[in-house]
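Novice: Sequence first, predicted model second:
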Amino acid sequence: MAVAAAVTKSYFIPVFLFLLAWTLPAAAKLDFLNEDEVKQAIIDEKYIVILFSEGSECTGGCEELEDTLASIREDVVEAVNAWVIRTHSPTLALQYGLVGKSLANSIVLFSNGVPMLYTGPPDDDEIMLSFLVTNPESSLHSLTDVNFEHLTQASSGATTGDWLVMFVRDDCDDCTRLRAIIETVAAGLKNRKNVAMVNRDTDGGQTTRRFAVKTFPSFLLFRQSRLFRYTLPVVDAASLTAFTIDGFRNARAENIPHPKTAFDDLTEFCADWLRENPQALYGGCGVLGLLVLVFILVKIRAAVTSSPPPAKKDTKKKK
């Protein structure tokens, strides 16, 4: 009897260890969603953490990210009630700028549809967990023609601090691809620097023209009544952060221009529109003529309003 029990025990232990080893890797895997399911999840879920893998199978650098993310999944769910998944979605990866060797496998936190890229070490669960649970909301400010000067105090150089501002427009694909990166910069500089975005085509046209922004996206740093333009060819979170903290010293400092007058802003708007729509010079001569007419009318009105009224004649007869 004792011999049979010993034999049974000797067989049971290896079988148990084999089953345990077989089930552990499965438990460390994330739920996989296809591209259409991910698109819908980004719309439906308030918070969702997505591991974008370079291939349909999670291999190479993806495995390390998945293992770390899977180890903190329960903590993330408990802290921010986020869904944690993996996907292979080339279209979405391109849309969010997850291309190139360094971004082939990436973790993105979506908060109300707004992406934020994780750029920390792939094997440090504490840093990854801290990033995901301390940034449930965007730290990126939205600046408009109405609130730009009030919030930044760019002209006066007052006490609101430094502002890194990303200028975008609606039809700019690169602006969309860099949204996750600028969100990451804003999160990393939170409570130290201000990071914001201005949309030329919605409510930031005058501000965009005031600072002579012609290409999109453009990054300008406003600091102590000076502005510095980011001109480096590499646009990533590390480079933008370094530029905001200290790298701006290598850029040319410019004086903050005053807001344009209504007429100057209209002229600049027309010039920008014609530059972006050169076909108007050939097939849209009527539009160009209308702009010239508006220019002439404005000039005439300014001349009339500035001229003194004619003196009244003395119609009284001499006695």
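Specialist: Perfect, I can see it now.
Novice: can you pull the pLDDT of P308?
Specialist: Note on P308: pLDDT of 61.
Novice: show me where pLDDT drops low in this structure?
Specialist: 1-28, 158, 280-294, 297-319 (pLDDT under 70).
Novice: show me where it has strands.
Specialist: Using DSSP state E, the strands of the chain run over residues 31-33, 47-52, 83-87, 106-111, 114-117, 141-143, 163-168, 194-199, 218-223, 226-229, 254-255.
Novice: just so I know, which of those strands lies nearest D124?
Specialist: D124 sits nearest to strand 106-111 of all the strands of the chain, at 12.3 Å, using C-beta to C-beta. Yep, even glycine has a C-beta here, placed from its N, CA and C like the rest.
Novice: still on that earlier bit, will you turn the strands of the chain into JSON lines that also has mean neighbour count?
Specialist: Formatted as JSON lines, the strands of the chain follow (neighbours: other C-beta atoms under 10 Å):
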{"stretch": "strand 31-33", "mean neighbour count": "15"}
{"stretch": "strand 47-52", "mean neighbour count": "23"}
{"stretch": "strand 83-87", "mean neighbour count": "20"}
{"stretch": "strand 106-111", "mean neighbour count": "23"}
{"stretch": "strand 114-117", "mean neighbour count": "22"}
{"stretch": "strand 141-143", "mean neighbour count": "18"}
{"stretch": "strand 163-168", "mean neighbour count": "24"}
{"stretch": "strand 194-199", "mean neighbour count": "23"}
{"stretch": "strand 218-223", "mean neighbour count": "21"}
{"stretch": "strand 226-229", "mean neighbour count": "19"}
{"stretch": "strand 254-255", "mean neighbour count": "11"}
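Novice: Could you provide these in JSON lines, with additional columns for distance to Q40?
Specialist: Below are the strands of the chain laid out as JSON lines (distance: least, C-beta to C-beta, whole Å):
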{"stretch": "strand 31-33", "distance to Q40": "9"}
{"stretch": "strand 47-52", "distance to Q40": "11"}
{"stretch": "strand 83-87", "distance to Q40": "12"}
{"stretch": "strand 106-111", "distance to Q40": "12"}
{"stretch": "strand 114-117", "distance to Q40": "16"}
{"stretch": "strand 141-143", "distance to Q40": "26"}
{"stretch": "strand 163-168", "distance to Q40": "26"}
{"stretch": "strand 194-199", "distance to Q40": "26"}
{"stretch": "strand 218-223", "distance to Q40": "33"}
{"stretch": "strand 226-229", "distance to Q40": "40"}
{"stretch": "strand 254-255", "distance to Q40": "46"}
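Novice: Helices of the stretch 101-250 of the chain, start to end?
Specialist: Assigned by DSSP state H, counting those that start in this stretch, the stretch 101-250 of the chain shows helices spanning 125-134, 148-152, 173-177, 179-188, 205-210, 237-245.
Novice: So which of those is the most surrounded?
Specialist: Among these, helix 179-188 has the highest mean neighbour count (mean count of other C-beta atoms under 10 Å), at a mean of 24.
Novice: Run through who's touching that helix.
Specialist: 96-98, 108, 114-119, 131, 135, 138-141, 164, 166, 195, 197, 235-237, 240-241, 244 (C-beta atoms under 8 Å, 6 or more residues apart in numbering).
Novice: If you compare the directions of that helix and helix 125-134, what angle comes out?
Specialist: Using axes from the mean of the first three to the mean of the last three C-alpha atoms, to 10 degrees, one finds that helix 179-188 and helix 125-134 are set 100 degrees apart in direction.
Novice: So what's the gap between stretch 216-230 and the chain middle?
Specialist: 16 Å (C-alpha atoms, centre = their mean, to the nearest Å).
Novice: I misspoke; the intended subject was stretch 133-149.
Specialist: For stretch 133-149, the distance to the chain centre is 10 Å (C-alpha atoms, centre = their mean).
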